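**Q** Quick one: sequence and predicted model below, then my questions.
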Amino acid sequence: MFNLIHAIVQNYIENSKCFSIVARDGITTDQFAIQREDVLFVKASMSVRYVKLGIPAILGSISVAKNLDYYQCKICREIPSIPDTERVKQKLQKLRVIIIALFLKLNKLMAETESENSDKYNKFFLEWNKYSEEILITTSAILIGYQQGRTETENIDTLKDTMKYLQISMSVLDDEISQLY
């Protein structure tokens with residue numbers, strides 16, 4: 001069975017190479033695009049002006065995606081300066097894995113909708129938005145709190161619904177991240 005968490009850790013987290021996932025944000029340009037093409041991502045883009053007519057939820061998706069991408073890049077740049085003994089380091093790494101998993105789900109939706117605009121896909125994008133917004137709020141609270149010197153109190157174990165949506169296990173994620181430190 002394909003282990004998504006292991007693949008994300010192996011391809012993006014272990015090597016500590018920071019990268020942006022969103023190539024064109026759909027806000028400052030008409031195109032919303034993921035140009036990354038590798039083991040897990042495929043190139044996908046959509047014309048926001050055209051797609052929003054059939055899939056209005058895409059407008060929320062591009063806004064959340066832009067912010068999630070900002071945070072996953074920021075976490076990647078911040079991680080080397082955090083001592084391995086600080087618990088927040090593992091939490092941030094877990095959040096980055098979850099963010100990348102969400103982007104993989106979005107990437108798949110984008111690739112599928114290139115050939116079909118429908119209410120069905122609007123529902124899928126609304127669902128993605130719901131879970132992605134939850135991760136965005138949690139990630140920003142933990143990262144900003146850490147940067148401001150506050151003891152982090154956010155518990156990512158509360159993200160059970162998001163993990164279920166992504167079909168990934170928190171215990172597997174814990175195991176993969178703990179092997180890094």
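**A** Perfect, I can see it now.

**Q** Let's verify the closest residue to residue 166 other than its chain neighbours: helix, strand, or coil?
**A** Distances taken as C-beta to C-beta, 6 or more residues apart in numbering place residue 101 nearest to residue 166, at 4.9 Å, with adjacent residues excluded. Glycine gets a C-beta too; all of them are placed from N, C-alpha and C. Of the three states, residue 101 takes helix under DSSP: H, G, I helix; E, B strand; the rest coil.

**Q** Share the number of residues neighbouring residue 101, please.
**A** Residue 101: 23 surrounding residues under other C-beta atoms under 10 Å.

**Q** Check the offset of the top helix by length along the chain from the chain's centre.
**A** Ordering each helix of the chain by length in residues (DSSP state H) puts helix 119-147 first. Distance, stretch centre to chain centre, for helix 119-147: 8 Å (C-alpha atoms, centre = their mean, to the nearest Å).

**Q** and if you look at stretch 12-32?
**A** Offset of stretch 12-32 from its chain centre (C-alpha atoms, centre = their mean): 10 Å.

**Q** Count residues in the vicinity of residue 126, would you?
**A** Neighbour count for residue 126, taken as other C-beta under 10 Å: 15.
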